[in-house]
Each structure stands twice: as C-alpha cells, then as structure tokens.
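1. Dropping the sequence and predicted coords here.
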Amino acid sequence: MIMAWIKTVDEGEATGDLKEAYDKIMEQRGMDRVANILKLHSLNPKAWSLGADFMWWLMRGESRLTFAQREMIATVTSAVNHCRY
C-alpha cells in the first residue's frame, strides 16, 4: 500500500493559533498528544480548529443517539468505505 506524505506540525513545534488549537483538543480529550489524522490540518490552524470543533460536536454534542451509537455508526461507515483509520 502506498501512503501519501503530508507535512504536519508536531505539538512541540506549534505556535500561536495552532498551539492554542492543540492545547484545546488535548485538554478536551485528556490526552498528551494530538492524533495524526488531526495533524494533517496543522498547516491551516483555523480550518483545523473549526473541523475539530465540528467533529467534537457531532460525536459528543446533544443528540438522541448515545456516544456508543455514534461510534458504531462511524465504525460501520469506515468499514463500508474500506477506511483503515
């Protein structure tokens, strides 16, 4: 399998808006690093922040579906699309 290479900015190199976005997502998720899939957007911090906020709202925001149900939908969708992530 061939993988594309996309330049990203690591947590230790982040400054300004990107550092704020990284800090926010790590605090929200109780993690000490940012997932690589989110780092793909690190060269455009505003788009990254908006996208991360939207995804957080989809998965954790008010809904009649539980978090577990949303995770199940995401898992099945990924499987149907042959997504490895």
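-> Sure, I can see it.
2. In the chain, mark out all the helices, start to finish.
-> 16-29, 36-39, 45-60, 67-80 (DSSP state H).
3. Any stretches of the protein with poor pLDDT?
-> 1-4, 85 (pLDDT under 70).
4. Spatially central residue (nearest the centroid) of the protein, please.
-> Note on the chain: the residue nearest the mean C-alpha position is residue 38, at 4.0 Å, using Cα atoms, centre = their mean.
5. Leaving out the residues flanking it, which one is nearest to that one?
-> Closest residue to residue 38 apart from its sequence neighbours, by Cβ to Cβ, 6 or more residues apart in numbering: residue 52 at 6.1 Å. Where C-beta positions appear, they are placed from N, C-alpha and C, glycine not excepted.
6. Look at that neighbour and say how many residues are nearby.
-> 20 (other Cβ atoms under 10 Å).
7. list the contacts for it?
-> The contact partners of residue 52, by Cβ atoms under 8 Å, 6 or more residues apart in numbering, come to 21, 25, 38, 41.
8. before we move on, the earlier item: would you confirm that the residue nearest to the centre of the chain contacts residue 48?
-> Yes. Contact criterion Cβ atoms under 8 Å: residue 38 and residue 48 qualify, at 6.7 Å.
9. a markdown table for the contacts of residue 52, including distance to residue 68?
-> Converted to a markdown table, these look like this (distance: Cβ to Cβ, whole Å):
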| residue | distance to residue 68 |
| --- | --- |
| 21 | 27 |
| 25 | 21 |
| 38 | 22 |
| 41 | 27 |
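10. nearest to residue 83, of these?
-> residue 38 (15.5 Å; Cβ to Cβ).
11. what's the distance between the closest one and residue 17?
-> For residue 38, the distance to residue 17 equals 14 Å [Cβ to Cβ, to the nearest Å].
12. hang on, the earlier thing: can you tell me which of the helices of the chain comes nearest to residue 10?
-> Among those, if distance is taken as Cβ to Cβ, the winner is helix 36-39, at 7.4 Å.
13. Return the set of buried residues in the closest one.
-> 38-39 (16 or more other Cβ atoms under 10 Å).
14. Going by contacts, tell me the helices and strands next to it.
-> Contact here means 3 or more Cβ pairs under 8 Å, 6 or more residues apart in numbering; DSSP states H and E; on that basis helix 36-39 packs against no helix or strand.
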